[in-house]
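A.B. asks: What follows is a predicted protein model with its sequence.
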Amino acid sequence: MLSTIVRSVCAVTLLALIAAPAAAQTPIDKPILFTFSAPVVLPGVTLPAGTYLFHVGNPTNNAKVVHVRSKDGRQVYTTFLTIPYEANDRPDEPEIRFMERRGDIPHVVKAWWYPGERTGFQPVYPRRQAELLAKAVNEPVLTSSATAAALIEANRQ
């Protein structure tokens with residue numbers, strides 16, 4: 001009798017664990033293409049004009065690791081941390097926003113969103129790059145001294 005109860009509890013627990021995450025989470029790692037007509041700055045890299053594949057590398061963590069690859073996905077150009085960034089409205093199409101800038105520097109990515117999602121992704125720039133960008137765009141640029149360590153840890157997963 002005790003064995004039957006234990007099996008029943010285990011079965012119900014297993015079903016709850018399987019069903020709950022599937023219902024509670026929306027899939028985050030949806031590859032998305034962005035096409036830029038001019039150079040674009042992301043953490044650790046300045047990309048020339050072109051089409052790039054963005055995808056989330058660890059969709060279960062709060063601080064998301066984003067990979068930016070070539071259009072065909074074969075070459076990785078940069079990997080960086082992001083934090084959630086809330087928009088006022090849900091975009092109908094994939095959306096990317098840039099920081100204000102002078103005409104002589106490339107566009108600097110401030111945040112991007114999947115279609116229909118209010119919560120987007122704000123890049124965390126390496127400290128030195130963030131300092132230089134902040135002077136060039138005349139606004140704060142998100143940075144963290146933990147970026148390198150966090151990326152190493154995130155890429156182990």
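C.D. replies: Okay, I see it.
A.B. asks: Can you name every helix or strand that the helix or strand harbouring residue 133 contacts?
C.D. replies: Counting by DSSP states H and E, the element that carries residue 133 is helix 127-137. Under the contact definition 3 or more Cβ pairs under 8 Å, 6 or more residues apart in numbering; DSSP states H and E, helix 127-137 sits against strand 107-113. C-beta here means a position set from N, CA and C on the backbone, and glycine is covered the same way.
A.B. asks: Please report the distance of residue 105 from residue 129.
C.D. replies: Using Cβ to Cβ, to the nearest Å, residue 105 is found at 12 Å from residue 129.
A.B. asks: Same drill for the two, tell me which one is more crowded.
C.D. replies: residue 129 (19 against 15; other Cβ atoms under 10 Å).
A.B. asks: show me where this structure has helices.
C.D. replies: Here the chain has its helices, by DSSP state H, at 2-24, 127-137, 147-156.
A.B. asks: worst average pLDDT in those?
C.D. replies: Of all those, mean pLDDT reaches its minimum on helix 2-24 (a mean of 39).
A.B. asks: how deep is the closest residue to residue 139 other than its chain neighbours tucked in, by neighbour count?
C.D. replies: Spatially, and ignoring its direct neighbours in sequence, residue 139 is nearest to residue 99 (6.0 Å; Cβ to Cβ, 6 or more residues apart in numbering). Neighbour count of residue 99, defined by other Cβ under 10 Å: 19.
A.B. asks: residue contacts, residue 99?
C.D. replies: Taking Cβ atoms under 8 Å, 6 or more residues apart in numbering, we find residue 99 in contact with 107, 108, 109, 110, 133, 137, 139, 141.
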